[in-house]
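Q: All I have is the shape, not the residue letters:
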């Protein structure tokens with residue numbers, strides 16, 4: 001276990017792109033776990049007086065056509081999006097494994 005962690009640390013230190021990818025994934029996972037707590041506004045609350053406003057100090061990403069805060073909607077939707085992504089990868093892995101195990105072996109000789 002220690003050797004595995006040491007190797008993982010080496011890979012992250014030596015490759016900044018990998019370190020950035022891990023940091024980004026950690027950010028997505030954090031948003032998924034704490035989404036409703038982090039959202040500055042209710043993602044479903046409409047305020048038609050604030051419809052289609054641009055980015056501002058109050059609404060960092062602006063508002064949509066119903067006046068809903070876009071940043072809040074993105075943060076809260078991360079939980080659903082991450083769940084869909086993990087499920088689709090797991091299904092593809094499972095079906096691919098079954099297809100690989102059940103199909104005839106193809107060799108270079110034909």
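A: Cool, got the structure. Remember, predicted model here, so these are calculated numbers, not experimental data. Numbers count the residues shown, from 1 in each chain.

Q: Give me the residues contacting stretch 61-70.
A: 39-41, 43-56, 59, 71, 73-74 (C-beta atoms under 8 Å, 6 or more residues apart in numbering). (Glycine included, C-beta is placed from N, CA and C.)

Q: Pull out the buried residues from it.
A: Within stretch 61-70, the residues scored as buried using 16 or more other C-beta atoms under 10 Å are 63, 67-70.

Q: Filter these down to just the ones in helices.
A: Mapping those onto helices (DSSP state H) picks out residue 70.

Q: now the buried residues of stretch 61-70 as JSON lines including distance to residue 78?
A: JSON lines is the format used below for the buried residues of stretch 61-70 (distance: C-beta to C-beta, whole Å):
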{"residue": "63", "distance to residue 78": "19"}
{"residue": "67", "distance to residue 78": "21"}
{"residue": "68", "distance to residue 78": "16"}
{"residue": "69", "distance to residue 78": "15"}
{"residue": "70", "distance to residue 78": "13"}
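
Q: okay, among the buried residues of stretch 61-70, which ones form the most distant pair?
A: The largest distance within those, taken as C-beta to C-beta, falls between 67 and 70 and amounts to 10.5 Å.

Q: I'd like the buried residues of stretch 61-70 laid out as CSV, including pLDDT and distance to residue 90.
A: Converted to CSV, these look like this (pLDDT from 0 to 100; distance: C-beta to C-beta, whole Å):
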residue, pLDDT, distance to residue 90
63, 96, 35
67, 95, 37
68, 96, 32
69, 96, 32
70, 96, 30
